[in-house]
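> Here's a sequence, model it:
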Amino acid sequence: MDKYRVTLTTEERADLEHLVSSGKAAARKLTHARILLLADDSLGEEHADDQIGAALGTSLRTVSRVRQQLVTQGLDVALLRRPQPPRPDKIKIKGDVEQRLVKLACSDPPLGCSHWTLQLLADELVVLGLVKKVSTETVRQALKKTTSSRGLSSRGASHRMRTPTTSGAWRM
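Numbers count the residues shown, from 1 in each chain. Model prediction:
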């Protein structure tokens, strides 16, 4: 594994020291700042990666990755978290399938059932050929996104009934 030499300017070092001393940042950002401060060669105090990892409670791979990011991409990339790429292929229920799901959930349940369950809805989507396979959690998330709320018309588990007062006093 190649070892990247970290050499901070006095301004970068001062910024990192201020960031660490204030402690008002994400834990990951503070840890990366501490790694860079300990790995800095500009003052002549070079620490090995295993010493830095042991001192900060991080892995050897994290220390080497932060070093590499600083040298190759700059200070901001080494400190800030990179955004996760969007995963549109993971969303199985969208558009027309979502509309059909809502329509199905609002319709009458199959014979022998008093209401639609998430498992029944998932199975029906597969039977209709709208999706190859789908989990109940995916169905739940798709229904949660919609504005329809089937719980408002009937008293479900989330709605409490009013309890009469036990004091015996008349209500006005």
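
> Can you classify residue 46 as helix, strand or coil?
When the structure is reduced to helix, strand and coil (DSSP: H, G, I helix; E, B strand; the rest coil), residue 46 reads as coil.

> Now it. Its backbone dihedrals?
Its backbone dihedrals place residue 46 at phi -90, psi 130, with angles given as degrees, to the nearest 10.

> number of nearby residues for it?
By other C-beta atoms under 10 Å, the residues close to residue 46 number 13. (C-beta placed from N, C-alpha, C; glycine too.)

> pLDDT at it, what is it?
On the pLDDT scale, residue 46 is placed at 75.

> Just want the phi and psi numbers for the residue nearest the centre of the chain.
The central residue of the chain, meaning the one whose C-alpha is nearest the mean C-alpha position (C-alpha atoms, centre = their mean), is residue 84 at 9.7 Å. The phi/psi pair for residue 84 (degrees, to the nearest 10) reads phi -70, psi 140.

> Pull out the buried positions in the helix or strand of the chain with the lowest mean pLDDT.
Among the helical and strand segments of the chain, the one scoring lowest on mean pLDDT, DSSP states H and E is helix 136-145, with a mean of 88. By neighbour count with 16 or more other C-beta atoms under 10 Å, helix 136-145 contains the buried residues 138-139, 142-143.

> can you redo the residues you listed as a markdown table with distance to residue 108?
Output for those, formatted as a markdown table (distance: C-beta to C-beta, whole Å):
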| residue | distance to residue 108 |
| --- | --- |
| 138 | 23 |
| 139 | 18 |
| 142 | 20 |
| 143 | 17 |
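
> Of the residues you listed, which is the nearest to residue 60?
Sorting the buried residues of helix 136-145 by distance to residue 60 puts residue 138 at the head of the list, at 37.9 Å, by C-beta to C-beta.

> Many thanks, we can stop here.
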